[in-house]
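In: Sequence and predicted model, in that order:
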Amino acid sequence: MNKIKSYQTYLAPLLGWAFFAGHHFFHGFFFHIILLLVLIYCVLESVHHAEVIADRVGEPFGTLLLALCVTAIEVSIIISLMIPGGPHAAGLARDTVYAAVMIILNGMIGLSILVGGIKFKEQTFILQGASITLTVLIPMSVLMFILPDFTTSVPGPVYSPPQQIFIAIVVLFLYLSFMVVQNFRHRAHFVEEHEKREHHPEKPSNRQTQMSFLLLLACLGAIVALAESQSHELEEFLDRVNAPRSLVGVILAFITLLPEGLSAYKASRKNQLQKSLNLALGSALASIGLTMPIIALVAAVFHMPLILGIGSMSTLLFFLSITVIIQSLATGRTNIIQGLVLLVIFFVSLFLLIFP
């Protein structure tokens, strides 16, 4: 079984680069579907390699390394699409990260609560940890996505260059402060007692860690290359079916969130809602607190256009999501109704994106 897994691990970057080379010679709908599946496969394998390295490093730095890996995937894809896209891709980062936050708050957490409620009726988690996370998540989201609609230094849903740099630094500072609280000062608020007592498997060897590092770099390169090669065809397809361009951001968000989404779902089925919430809310924080500041700083330095404001309807849906998630997590216990409501908001948001 280990040998089979080893072959699969080597296969991901090889397939990624092979299909990237093949897109110059092959075209057609089914070929692009295969390319998308290969892209998702590379994302999953890259996170697997990051997990191997994280196991070797140990906690709390392992968790931070995983967040950095997912952020690297997200940032690499977005910037690789923004550079050739020019002004037409100015809203791509906003669309992707906002979609990621809505998918997490409503879709990922809603599904986890629903699945756990169906199987266990009620699930519990540590209230302080969720409260701390939301306390950081809400102001970061407002600063990045809502405040740009109200500033007056420059017209439109954008920040002026000084505002953009300042907000990026502030949001990054909030994220790093949260990481210190989560992993050092108040770790007990995020880890349940039975998780502390769990037996941890033997750490990977130096050779396994080094190989995973090299394969991680190969996978990341293949992910960026495949995403860039498919961006033009995806935009053309959305134009043909009269779908909004913002769907590109939603598709990218689904791809980058797939590893955490699967892990959160599996944790909830094992009655580990605390772990599920840590994965989900941690992903939302990383998207806003790491991805957006990095992109904002890169855009400011290289004078790339960057639209940040999400508009009135998206703002309303965001505050609806935040209100429901606060109420759902207010008691430290969940059941199926909270999951159902969150999933309804998720599908309404997706429907209104396609049919605004």
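Out: Cool, got the structure. Numbering: from 1, shown residues only.
In: quick one: low-confidence parts of the chain?
Out: Low-confidence segments of the chain (pLDDT under 70): 1-9, 24, 57-64, 66, 193-202.
In: list the contacts for the residue positioned nearest the centre of it?
Out: Nearest to the mean C-alpha position of the chain, by CA atoms, centre = their mean, lies Leu257 at 4.5 Å. Shown in contact with Leu257 (CB atoms under 8 Å, 6 or more residues apart in numbering): Ala100, Ile103, Ile104, Met108, Ser283. For glycine as for every other residue, the C-beta is placed from the backbone atoms N, C-alpha and C.
In: so how far is the top helix by length along the chain from its chain's centroid?
Out: Ranked by number of residues, the top helix in the chain under DSSP state H is helix 206-240. For helix 206-240, the separation from the chain centroid amounts to 15 Å (computed by CA atoms, centre = their mean, to the nearest Å).
In: What is the subsequent helix or strand relative to that helix?
Out: Following helix 206-240 in sequence order, the next helix or strand is helix 247-269 (DSSP states H and E).
In: Report the buried residues of that following helix.
Out: Within helix 247-269, the residues that count as buried by 16 or more other CB atoms under 10 Å are 247-257, 259-261, 263-265, 267-268.
In: Same question for stretch 74-91.
Out: 74-82, 85, 89-91.
In: can you list these in a markdown table and add distance to Gly289?
Out: Conversion of the buried residues of stretch 74-91 to a markdown table gives the following (distance: CB to CB, whole Å):
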| residue | distance to Gly289 |
| --- | --- |
| Glu74 | 12 |
| Val75 | 12 |
| Ser76 | 17 |
| Ile77 | 18 |
| Ile78 | 15 |
| Ile79 | 17 |
| Ser80 | 21 |
| Leu81 | 21 |
| Met82 | 19 |
| Gly85 | 24 |
| Ala89 | 22 |
| Ala90 | 21 |
| Gly91 | 20 |
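In: circling back to that earlier point, the residue nearest to the centre of the chain and Val348, how far apart?
Out: In this view, Leu257 and Val348 are 19 Å apart by CB to CB, to the nearest Å.
In: which residues sit against the helix or strand Met292 falls within?
Out: Met292 is located in helix 292-301, with elements delineated by DSSP H and E. The contact list for helix 292-301 (CB under 8 Å, 6+ apart) reads 71, 75, 78-79, 82, 93, 97, 144, 159, 161, 164-165, 167-169, 171-172, 175, 304-306, 308.
In: which is the next helix or strand following that helix?
Out: Downstream of helix 292-301, the first helix or strand assigned by DSSP H and E is helix 311-328.
In: So which elements touch that next one?
Out: helix 92-102, helix 109-120, helix 127-141, helix 336-354 (3 or more CB pairs under 8 Å, 6 or more residues apart in numbering; DSSP states H and E).
In: Comparing the ones you listed, which comes out most buried?
Out: The highest average neighbour count among the helices and strands packed on helix 311-328, using mean count of other CB atoms under 10 Å, belongs to helix 92-102 at a mean of 26.
In: May I have that helix as PDB, with CA atoms only?
Out: The C-alpha coordinates for helix 92-102 follow below in PDB (Å, rounded to 0.1, in the frame of the first residue of the first chain):
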ATOM      1  CA  LEU A  92     -10.500  38.300  -9.400                       C
ATOM      2  CA  ALA A  93      -8.800  38.300  -6.000                       C
ATOM      3  CA  ARG A  94     -11.900  39.900  -4.400                       C
ATOM      4  CA  ASP A  95     -14.200  37.400  -6.100                       C
ATOM      5  CA  THR A  96     -12.100  34.400  -5.100                       C
ATOM      6  CA  VAL A  97     -11.500  35.200  -1.500                       C
ATOM      7  CA  TYR A  98     -15.000  36.500  -0.900                       C
ATOM      8  CA  ALA A  99     -16.400  33.300  -2.400                       C
ATOM      9  CA  ALA A 100     -14.000  31.300  -0.200                       C
ATOM     10  CA  VAL A 101     -15.300  33.100   2.900                       C
ATOM     11  CA  MET A 102     -19.000  32.500   1.900                       C
END
